[in-house]
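Chemist: Curious how this folds, go ahead:
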Amino acid sequence: MMRKWAVAMLVLFALLAPQAHAQVRAWLDRDRIEAGETTTLNVAADSAQGGPDYAPLERDFILSGHSSARSARAENGRITVSAQYSVVLQPRREGVITIPSLRIGGQTTPPLTLTVAPMSRVPTKAGDDAFIESEIDDGDPWVQQAVGLKVRLYTAVPLVSGALEQSQPEGATLRKVGQDLQYSQEMGGRRYNVVERRFLVIGERSGRIVLPGARFRGQGVGGFFDDLLGDGRRPLAADAPDRVVQVRAIPANAPQPWLPLTDLRLRYVALPQAVRAGESATVQIEAIADGAVAAQMPELKLASSGAAQVFPAALQADESFTEGRPRTTLSRTFSIVPTRAGALRIDPPRLEWWDVRAGVARTATLPPIELQVTPGTGANANGVPGVGAPADVADATQTGDGRIAIPGIQGRVLPWAATAAAFALLWLFTLLFFLGRHPTHAHKTELPAKSASPRPDLKRALADGDLGDIAETLCASVDPPAADIDALRARIADADQRAALDALQRARWAGADPRTARESLRRAFTRGVRLEKPARAANVPEPLPPLYPPA
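Modeler: As a prediction, the model looks like this:
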């Protein structure tokens, strides 16, 4: 009995024991702030070994708001306990401050850098109990340019409840990006708690567009007389002024598809050094787009040629919010299989885009991939099977010890083993032959065609997505996916849905009213996409007459 308990305790200890190479990570929720503001330092460890030592931070920061959280997950048959620690940092000085490495358990975090800029200005309402400020990245963007909008709620008293609302503008789409940031800032002799909410604004038409100001309604902790005469609460209200954005039309000389960006860079992350015919080589390409979300970006492609086959992996996208606007990093890996030896050239991707600052068209590309393919080895000596010369087939040969060599089987086998295998295959073939003579006829009942229910992503796109998102989601909601809206329209059976797609195209490319197009799409596709029924195949006669004809 004691032995069983000992074994059970050892197994439990092995499951709960921290990994020998536990990783420690550290990051700031904001790495650029102004004087008087705070930022939060987060430290995560794959094993809970006690909190980090914050003593090295006290020289440059005032520390507050310590917190921690632990979680456990099962991974590869063992339980991993991880912990995350957070502390609020208020800089003691301006400039570039290096956050030193912190020790946690037996490991240290990497050093970080924080930039503290002088306070740009004091808001006109600084000193009030609550007020709102908004900041937009670009006041005169182009049509379909992604613009960042920041809304900050400042409160000088602790909040009991409240709601921050931002209304949708006419002629543009607005959606929330990421999670709210919370920090504190000292202004006008008072310290404010700040909630920063970020939005993405995309103008759907040219001209003047008004962004409604954000509104806050809530309750805060009251003062002495509120506690004495009431319930200890005071109402709080704040309204931000409207902002006017002048959206510029798409230029006549702009490249198509239209892609307005602040910057676009391409680079090779991985390139092969040596390539053999018939063997796979890996190429990885990365695109960094400043001023766009992943849904606006074209696909990264490498064109295949007769000298090589190209197999793309799934596209990886990472979205962030940097310097007040969206930034997207796309990464894709390609497997290249040369079909023959010799020189190999693969053309790189070319992405045409519009520079929103300079107002000119630009092209992002890379040098072509040029490789010298050496002959393959073994089965790949002549290239990819089916492309090069056919492989030779060896004949079974007799050996001196009575064994025989069979193609496709390593080593040699005795004659009786080969004979037994042949009889087994013959028996299996005979069984399948007799079973095939008495097929069972299933009675099929044709069910009425149903309209597919709308997918959750289609519902979200129709609710708050821009016209480009709706078009991409509609094309992806059918099986197989449609290449574009025109291809989707050719497969749709419902006349109202085809009319809604026509309105969508006119709103995107012909200057029609986007609101009318959006309402038409919502009405037409509320129950999903209705496709044409595939043509039923004609009855094919049986190749052989029935063994027992009907009487």
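Chemist: burial measure for Ile136, as a count.
Modeler: Residues near Ile136, counting by other Cβ atoms under 10 Å, number 18. C-betas here are computed from N, CA, C, even on glycine.
Chemist: Quickly list what the residue lying closest to it once chain neighbours are set aside is bridged to.
Modeler: Sequence neighbours aside, Leu149 is the residue nearest to Ile136 in space, at 5.2 Å (criterion: Cβ to Cβ, 6 or more residues apart in numbering). Here Leu149 sits in beta bridges with Ile136, Phe199, going by DSSP bridges.
Chemist: same thing with Gln107?
Modeler: Ile104.
Chemist: Number of residues surrounding it?
Modeler: Gln107, neighbours per other Cβ under 10 Å, totals 17.
Chemist: from memory Ala83 sits against Asn42, does it?
Modeler: No: the criterion here is Cβ atoms under 8 Å, and Ala83 misses it with Asn42 at 11.1 Å.
Chemist: out of these two, which sits in the more crowded spot?
Modeler: Ala83 (20 against 14).
Chemist: so who does the residue nearest the centre of the chain touch?
Modeler: Note on the chain: the residue nearest the mean C-alpha position is Ala317, at 4.3 Å, using Cα atoms, centre = their mean. Counting by Cβ atoms under 8 Å, 6 or more residues apart in numbering, Ala317 touches Ala294, Met297, Thr328, Thr329, Leu330, Ser331.
Chemist: redo that, cut-off 10 Å
Modeler: Counting by Cβ atoms under 10 Å, 6 or more residues apart in numbering, Ala317 makes contact with Ala287, Val293, Ala294, Ala295, Met297, Thr328, Thr329, Leu330, Ser331, Arg332.
Chemist: Which residue ranges of this protein form helices?
Modeler: 2-16, 224-229, 415-436, 456-464, 467-476, 485-491, 495-509, 514-524 (DSSP state H).
Chemist: Domain-wise, how is the protein divided?
Modeler: Per the record, the chain has its domains at 18-117, 130-247, 260-380, 456-524, by automatic domain parsing.
Chemist: tell me the pLDDT at the residue nearest to Ile136?
Modeler: pLDDT, Leu149: 93.
Chemist: Also Leu174?
Modeler: 92.
Chemist: Which residues does it form beta bridges with?
Modeler: What pairs with Leu174, by the bridge criterion (DSSP bridges), is Val201.
Chemist: And the one 10 residues further on, by the same measure?
Modeler: Partner residues in beta bridges with Ser184: Asn193, with DSSP bridges as the criterion.
Chemist: ok, back up a step: ok, the contacts of Ala317 vs Arg357, which is closest?
Modeler: Proximity of those to Arg357 (Cβ to Cβ) peaks at Thr328, which lies at 17.8 Å.
Chemist: correct me, but the closest one touches Glu319?
Modeler: Yes: the criterion here is Cβ atoms under 10 Å, and Thr328 meets it with Glu319 at 5.3 Å.
Chemist: More neighbours: which of those two?
Modeler: A count of neighbours by other Cβ under 10 Å puts Thr328 above the other of Thr328 and Glu319, at 22 against 16.
Chemist: Might you report the residue contacts of the more buried one?
Modeler: The contact partners of Thr328, by Cβ under 10 Å, 6+ apart, come to 146, 261, 264, 287-297, 317-320.
Chemist: so where is the stretch 201-350 of the chain shaky, pLDDT-wise?
Modeler: 222-232 (pLDDT under 70).
Chemist: circling back: which of the contacts of Thr328 are buried? Put it as a ChimeraX command.
Modeler: To isolate the buried members of the contacts of Thr328 in ChimeraX, using 16 or more other Cβ atoms under 10 Å:
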select :146,261,264,287,288,289,290,291,292,293,295,296,297,319
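Chemist: Look up how far Glu135 lies from the closest residue to Ala507 other than its chain neighbours.
Modeler: Counting by Cβ to Cβ, 6+ apart, Ala517 is the residue found nearest to Ala507 once chain neighbours are left out, at 3.7 Å. Look at Ala517 and Glu135: by Cβ to Cβ, to the nearest Å, they are 31 Å apart.
Chemist: Next, count neighbours for Arg506.
Modeler: Neighbours around Arg506, by other Cβ under 10 Å: 15.
Chemist: circling back: and the helices of the chain, which one is worst for confidence?
Modeler: Lowest mean pLDDT within the helices of the chain: helix 2-16, a mean of 45.
Chemist: contacting residues for the residue nearest to Leu28 when sequence neighbours are not counted?
Modeler: Using Cβ to Cβ, 6+ apart and skipping residues adjacent in sequence, the residue nearest Leu28 is Thr39, 5.3 Å away. Contact partners of Thr39, counting by Cβ under 10 Å, 6+ apart, are 28-33, 61, 87-91, 99, 114, 116, 181, 183-184.
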